[in-house]
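Peer 1: what would the 3D arrangement of this be:
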Amino acid sequence: MARKNPKRKSCGGFKKTLEKMNYALVGETSAVQICRWTKNSLRGEGCCWKEKFYGIKSHRCCQMSPAVMWCENQCLHCWRPIEINLGTDLPGVDDPIEILDVIIEARKKLLMGFKGREGIDQKKFEEAINPNMFTFSLSGEPTIYPRLGEMISEIRRREAVSFLVTNGLNPEAIQKLANEDSLPTQITVSTNAPNEELFKIWHRSTKVDAWKKFNETLDVVRSLKDKVRRVIRLTLVKPGSEDQQFKNLTNMSDENVGEYVSLINKAEPDFVHIKGFMSVGYARDRMGYDKQPWFDDVKEYAKKIAAELDGYEIAAEDERSCVIMLAREGTELKIVKV
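Peer 2: Have a look, this model is predicted:
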């Protein structure tokens, strides 16, 4: 029997904004949305780069968040509606197992429009309504949710994969996951500024010690070697030419290469994702298409970073998503078991 969605008191006037974006709101602070690549996979129109790199099936991936409108940052490149962030104080803390069940049911309802439709792979559809991959990357900062470890442990109990994407400002929360033996399958730390000056401009964080906390997270990530798959992700933005507030802002100058290398060496991750910024969603109001680097630009920059790193090589790439992956030599890319 499906669980009922707990009544939501929060989000107020923002609820319509999120629902217009086809978010299904769950409980007090959670949400789920059908990813573009899930839809494409069902239509036979390709798959997400995560499937190409890691073997994760796009149609079975559940993109969700336990803190959908709560984050310390207002990152310039974020394509989510960060202008309506609700801070970091959650109005309530829902039961993680209950919320996970409701998220799965809400996602199923969002997918029902594909059932029986011409051109849809119905075998894939039947698989899709039973996700085996949960990505904490929809919107908001998942480590703000204090019962995250319980939710990840429940995902593991169900023999599913979990990917956690974090801004790295809550090192204590990540250490807590390790201490409680509730680490996800893979953890990704967004590393979009190579130095403290750019970090403050880029992330516009409400935390006065954000740069310090971010660096503490890199230390925690290094300590988790062989306990969890670890990723550092860079989102590159080139200087623009249009008359915009941030037209001259860039985080991919030649001077920044060495700074990124220092941060990567500090964390010693298994993988480095180097992505090009895409002016989509709400990000278009901050930075235009001229800020998007071409795939060749991203690949060339990735080569510069790889050349200064010891023991990393370009292991995979996806031009459609403008992403290059560096991997530590000898690291298994595919996720063969949970």
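
Peer 1: centre of the chain to the longest helix along the chain, how far?
Peer 2: The residue-count maximum for a helix in the chain (DSSP state H) belongs to helix 96-111. Remark: helix 96-111 is offset 19 Å from the chain centroid, using CA atoms, centre = their mean, to the nearest Å.

Peer 1: likewise stretch 218-230?
Peer 2: The answer for stretch 218-230 is 17 Å, by CA atoms, centre = their mean.

Peer 1: contact partners of it?
Peer 2: With CB atoms under 8 Å, 6 or more residues apart in numbering as the test, stretch 218-230 has contacts from 168, 171, 174-175, 178, 183-187, 189, 232, 263, 266-271, 335. No exception for glycine: its C-beta is placed from N, CA and C like everyone else's.

Peer 1: run a quick neighbour tally on residue 225.
Peer 2: For residue 225, the count of nearby residues is 12 (other CB atoms under 10 Å).

Peer 1: which residues does the most centrally placed residue in the chain contact?
Peer 2: Centroid check for the chain by CA atoms, centre = their mean gives residue 137 as the closest residue, at 3.6 Å. For residue 137, the contact set (CB under 8 Å, 6+ apart) comprises 63, 65, 163, 165, 188.

Peer 1: one more time with 10 Å
Peer 2: 35, 61, 63-65, 163-166, 188, 190 (CB atoms under 10 Å, 6 or more residues apart in numbering).

Peer 1: buried subset of the contacts of stretch 218-230 as a ChimeraX selection?
Peer 2: The ChimeraX selection below is limited to those of those classed as buried (16 or more other CB atoms under 10 Å):
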select :168,171,174,175,178,183,184,185,186,187,189,232,263,267,268,269,270,271,335
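
Peer 1: tell me the predicted confidence for the residue of the chain positioned farthest from its centre.
Peer 2: Distance from the C-alpha centroid of the chain peaks at residue 118, with 31.7 Å (CA atoms, centre = their mean). If you check residue 118, the pLDDT there is 90.

Peer 1: and the strands in the stretch 1-150 of the chain?
Peer 2: Along the stretch 1-150 of the chain, the stretches classed as strands by DSSP state E, counting those that start in this stretch are 24-26, 30-33, 61-65, 133-136.

Peer 1: adjacent strands (with direction) for the first one?
Peer 2: Each strand that pairs with strand 24-26, with its direction, by DSSP bridges: strand 30-33 (antiparallel).

Peer 1: that older thread, tell me the angle the longest helix of the chain makes with strand 61-65.
Peer 2: When axes from the mean of the first three to the mean of the last three CA atoms, to 10 degrees is applied, the directions of helix 96-111 and strand 61-65 differ by 120 degrees.
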